[in-house]
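*Asks:* When you get a sec, could you give me coordinates for this:
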Amino acid sequence: MASSRLERIGTIFTRVEGLLTRGAMKPDDRPLWFDIYKAFPPLMEPKFARPQPEIKPIRQILYQEDVVRAKFHSAGQGLGTINMLSPTGETHIKKLVKQYEKLKSEGVPENELVEKCTAAVDSQRQPEAPPTKIIVKNPESATAQVLAEADLKNIFNKSDDK
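*Replies:* Next up is the predicted model:
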């Protein structure tokens, strides 16, 4: 049976269906996927003799902003932290692209655009929010006392008192 070519005759679904209708397979022994396949058949039946799909070349989609982003990334300015809770939803690179377009429309030379954009966006950056205080429900608990004494900024610094 090693040289069997049954996969060229029908699909696995039609063969299992034939076994079930003729009683060679009990309905309790049918594969898990059989009922799902029967309820949601594929649009094109997966037959061996199906013709190969036409292979079309993939078009390159390149926007003007992509070129600008590439300039910033090559200068090491594209990456930055993203605040997912920010209502504006503007990333660092989005701000850089907006500033680039603004300065370009003002007539700034091409070779100075990246440096001026990064300087302008860095000056607009908001200062980091101070660390929030942890609110503890039970201040007498051992966990609350440990959290009150913890110095998270210097947790990995070596101290001489140990």
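
*Asks:* Residues touching stretch 48-68, excluding its own?
*Replies:* 7-8, 44, 96-97, 100-101 (C-beta atoms under 8 Å, 6 or more residues apart in numbering). Quick note: C-beta positions are derived from backbone N, CA and C, even for glycine.

*Asks:* Give me the buried entries from those residues.
*Replies:* 96-97, 100 (16 or more other C-beta atoms under 10 Å).

*Asks:* Present the contacts of stretch 48-68 as CSV; the columns should include distance to residue 137 and pLDDT.
*Replies:* Below are the contacts of stretch 48-68 laid out as CSV (distance: C-beta to C-beta, whole Å; pLDDT from 0 to 100):
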residue, distance to residue 137, pLDDT
7, 64, 62
8, 69, 70
44, 59, 83
96, 43, 83
97, 45, 86
100, 49, 87
101, 50, 89
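
*Asks:* domain assignment for the chain?
*Replies:* As assigned by automatic domain parsing, the chain contains the domains 8-53, 64-124.

*Asks:* ok, back up a step: among the buried ones among the contacts of stretch 48-68, name the ones in strands.
*Replies:* Among the buried ones among the contacts of stretch 48-68, no member falls in strands (DSSP state E).

*Asks:* got a markdown table for the residues you listed, with distance to residue 70 too?
*Replies:* Below are the buried ones among the contacts of stretch 48-68 laid out as a markdown table (distance: C-beta to C-beta, whole Å):
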| residue | distance to residue 70 |
| --- | --- |
| 96 | 12 |
| 97 | 11 |
| 100 | 12 |
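
*Asks:* ok so, going back, worst average pLDDT in the domains of the chain?
*Replies:* Among these, domain 64-124 has the lowest mean pLDDT, at a mean of 80.

*Asks:* any idea how far that domain is from the chain center?
*Replies:* The chain centroid and the centroid of domain 64-124 are separated by 22 Å under C-alpha atoms, centre = their mean, to the nearest Å.

*Asks:* for stretch 53-65, same thing?
*Replies:* A distance of 21 Å separates the C-alpha centroid of stretch 53-65 from that of its chain, computed with C-alpha atoms, centre = their mean.
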